[in-house]
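A.B. asks: Next one to model:
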Amino acid sequence: MKAKELIKLLKGVDPESEVYMQKDSEGNGYRSICGVDQDEALKVDYEELVFLSHYESLQDLEDYYGENKENLDFFSCTILY
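C.D. replies: Below you'll find the predicted structure:
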């Protein structure tokens, strides 16, 4: 989902309501959302993402993958926590 899609969906809810994230579509758990961060991610296989913020430095990331970040397919993402 893109941030603009989430914003559109949230326009229809009470702005004073608490926000929770459901663990899965079956309702097997919930947790509150307490913040938002911007990051960049790289999809390394079907389901696994690597986040730029997990590396101590850009150099560490480039050393690990053996390429400059610009040559990797990173995309901007929004993290809800």
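
A.B. asks: Double-check that Glu47 belongs to a strand.
C.D. replies: No - the assignment for Glu47 is coil, going by DSSP: H, G, I helix; E, B strand; the rest coil, so no strand is present there.

A.B. asks: Burial check on it, number of neighbours?
C.D. replies: By other C-beta atoms under 10 Å, the residues close to Glu47 number 6. Placement of C-beta: from N, CA and C, glycine included.

A.B. asks: all strands for the chain, in order.
C.D. replies: 20-22, 30-32, 36-43, 49-51, 74-80 (DSSP state E).

A.B. asks: ok, now which ones touch Gln22?
C.D. replies: Gly29, Tyr30 (C-beta atoms under 8 Å, 6 or more residues apart in numbering).

A.B. asks: how about 7 Å then?
C.D. replies: Tyr30 (C-beta atoms under 7 Å, 6 or more residues apart in numbering).

A.B. asks: where's it relative to His54, distance?
C.D. replies: 25 Å (C-beta to C-beta, to the nearest Å).

A.B. asks: do the same with Leu42
C.D. replies: Taken as C-beta to C-beta, the span from Leu42 to His54 is 10 Å.
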